[in-house]
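Asks: make a model of this:
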Amino acid sequence: LIRSLGVDVFTGGDLEDRHMQALDSSPTLIVDVGFELLDALLGRRRDRVPHVKAGVEIARSGSARLRERSDLPFPVVNINDGRLKDKVENRHGVGEAIWQAVAMTTGMHLAGRRVLVVGYGPVGRGLASYARAAGMAVEVCEEDPVRRLFAHYDGYPTPALEEAVTRVAMVVTATGRQDTIHVNHLLRARDGIVLVNAGHGGNEIDVEGIRKAAVHRDHVAEQVARYRLESGRAVTVLGDGHPLNIVLNSGSPEPVLLHFAVLGLTLEWLASGPQLRPGEVLVTDDIENRAAQLALDALQNLVG
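Replies: Below is the predicted model:
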């Protein structure tokens, strides 16, 4: 869509050193998911910094990394911490899309299965809610005591991770933290446990550790790998530990359109040359109000 408006858009080409490929194009606006492209710019391609007018960060993990930088030479608009992304796209979009992706990938019937949701932020809350709606028995593991209390009042058991994996059929992570599920957590896991990542990046599940500990690996289906550990237990990893809805290129259902509306309006605003200070800038109420109204208009047309 952006290309159709006559804008040059660079996505990094192939997956080999894609950040450098994108930066070689000397972009004036950068859209990032996880502060990876911006980090590459500031650390490895400082010569391209003068070309950049502004950036946009979409992900929660990227927003956290954004705040750690005091040397940003241009403004970066934080979309993730606005009013819409957490409450609509993260919760409803990802919450529904992951379970659609699991069913599509594995052919599993979800109802009646016991699942552990690790992380009870906006994504985790959506995962738990949509899993419950699909008839799954849901438990939640959350280190933060406030979020764990939220899960308790939402009616979910909140066991320790090491305890829960002994009985659940599936674990889905939504923490943004590396090795949320470490191979050592699986030593007493239920045989046949299925691991899914719904967070950012490909390191929430210790896939490399699982590979090293496995005595056998089966390619069960596309994006489905089953590992047999020395204990005899089987562990199935979906999407090679990457966010499953992203791996399947399905993103999120309908709410992702709202997310793109916010992004498009933000880029339009930045291209108009507003006077902004370097550093983090929260997405404006005006942009989110316009995006919400566009979504409401579209939804009204769908229902007649």
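
Asks: tell me the SS of residue 226?
Replies: Secondary structure, DSSP: H, G, I helix; E, B strand; the rest coil: residue 226 is strand.

Asks: revised request: answer the last question for residue 72.
Replies: coil.

Asks: low-confidence stretches in the stretch 101-250 of the chain?
Replies: 249-250 (pLDDT under 70).

Asks: now the strands for it?
Replies: 114-118, 137-141, 170-173, 193-197, 214-221, 224-229, 234-238 (DSSP state E, counting those that start in this stretch).

Asks: need these in a markdown table (columns: distance to residue 186).
Replies: All C-beta atoms are positioned from the backbone trio N, CA, C, and that covers glycine. Supplementary listing: the strands of the stretch 101-250 of the chain in a markdown table, determined by distance: least, CB to CB, whole Å:
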| stretch | distance to residue 186 |
| --- | --- |
| strand 114-118 | 12 |
| strand 137-141 | 14 |
| strand 170-173 | 9 |
| strand 193-197 | 7 |
| strand 214-221 | 10 |
| strand 224-229 | 7 |
| strand 234-238 | 6 |
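
Asks: for residue 62, find the nearest of those.
Replies: Among the strands of the stretch 101-250 of the chain, the nearest to residue 62 by CB to CB is strand 193-197 (16.6 Å).

Asks: put the alpha carbons of the closest one into PDB.
Replies: C-alpha atoms of strand 193-197 as PDB (Å, rounded to 0.1, in the frame of the first residue of the first chain):
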ATOM      1  CA  ILE A 193       4.200 -31.400  25.600                       C
ATOM      2  CA  VAL A 194       3.800 -28.800  22.800                       C
ATOM      3  CA  LEU A 195       5.800 -25.500  23.000                       C
ATOM      4  CA  VAL A 196       4.600 -22.300  21.200                       C
ATOM      5  CA  ASN A 197       6.100 -18.800  21.200                       C
END
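
Asks: show me what it is packed up against.
Replies: Secondary-structure packing of strand 193-197 (3 or more CB pairs under 8 Å, 6 or more residues apart in numbering; DSSP states H and E): helix 95-106, strand 170-173, strand 234-238.

Asks: ok, back up a step: tell me which of the strands of the stretch 101-250 of the chain lies nearest to residue 162.
Replies: It's strand 137-141; of the strands of the stretch 101-250 of the chain, that one is closest to residue 162 (CB to CB) at 9.5 Å.

Asks: hmm, who's touching that closest one?
Replies: Strand 137-141 has contacts (CB atoms under 8 Å, 6 or more residues apart in numbering) with 112-120, 124, 128, 131-132, 148, 151, 156-161, 164, 168.

Asks: that strand: partners in the sheet, and parallel or antiparallel?
Replies: strand 114-118 (parallel) (DSSP bridges).

Asks: what lies in contact with the partner strand?
Replies: 124, 127-128, 131, 136-142, 156, 161, 164-165, 167-175, 180-181.

Asks: list only buried entries from the residues you listed.
Replies: 124, 127-128, 131, 136-142, 156, 161, 164-165, 168-175, 180-181 (16 or more other CB atoms under 10 Å).

Asks: and the nearest residue to residue 183 once chain neighbours are set aside, how many neighbours?
Replies: In space, residue 183 comes closest to residue 209 once its chain neighbours are excluded; the distance is 3.5 Å by CB to CB, 6 or more residues apart in numbering. By the criterion of other CB atoms under 10 Å, residue 209 has 16 neighbours.
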